[in-house]
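>>> build me a model:
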Amino acid sequence: MPDPLDANEEVLHKINTNITLEDLKKSMDYIQALHAASLDDPGTGLTGDSLKCLCNPPTHLASIDDDALVTGIELYFNLSHADHNYEQTTKSAARHLQEGQEFPSLYKIKKIISELSSIDPVEHHMCINSCMAFTGPNSNLVKCAICSKPHYDPIKFINSQGKEKVPCLVTTSFPLGPEMQVLYHNTKSTQEMEYQQQQTQKKINELH
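Model (predicted):
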């Protein structure tokens, strides 16, 4: 068996420049992108604050003293379609607030939740048929490499001569790192995450 390839930047670049098959070249583009990837790459979708918290996790739990704000956050989490129903629900619930109090706006609620958790949604453009994501070497494609559906709204794209790039589909995800950090901030969730390890060790000890 031959020795594994020393995949440094120079070797990868030399290989890539000699590839003629398009599919193989695209694969090498991704290998190079992954090899050079870092947390602050624009393609990760991490904002400045999220990246800062990911690299320097908070060491204390945040607290909120505003009752209306706490209630607003609880309402937001309990709604099945929060973005659509929050404003209407808070209007109905406002009569239970003390005089002079008011519910924060949906924008403020989402901003505060993001600040408290350090978890920001990450958005990436997708093929409208979910064939592929327009990320990395595929981020500049104007149509899907698999089904040829357009990357951007074709009417806006054509009418603006390619200047207005509104994606046909955007997918939202949440990075795992900040979620793990939040879970480790709570004693109960920390213990729950270690359950498998504890039970595995318990069974190993029983075998001995």
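>>> the bottom helix or strand of this structure by mean pLDDT?
Ranked by mean pLDDT, DSSP states H and E, the helix or strand of the chain with the weakest confidence is helix 9-17, at a mean of 65.
>>> what lies in contact with the strand or helix carrying L51?
Taking DSSP states H and E as the definition, L51 sits inside helix 48-55. Helix 48-55 has contacts (CB atoms under 8 Å, 6 or more residues apart in numbering) with 39-40, 46, 115, 118-120, 175, 177-178, 181. For glycine as for every other residue, the C-beta is placed from the backbone atoms N, C-alpha and C.
>>> I'd like the average pLDDT over it.
Helix 48-55 shows a mean pLDDT of 76.
>>> where does this protein have low pLDDT?
Across the chain, the ranges flagged by pLDDT under 70 are 1-21, 61-62, 80-83, 87-88, 90-101.
>>> run the last query once more with 90
For the chain, applying pLDDT under 90 flags the ranges 1-123, 135-140, 145, 162, 172-199, 202, 205-208.
>>> ok, the contacts of helix 48-55 vs T59, which is closest?
Q181 (10.7 Å; CB to CB).
>>> count the residues that sit near the closest one.
Each residue near Q181 was counted by other CB atoms under 10 Å, and the total is 16.
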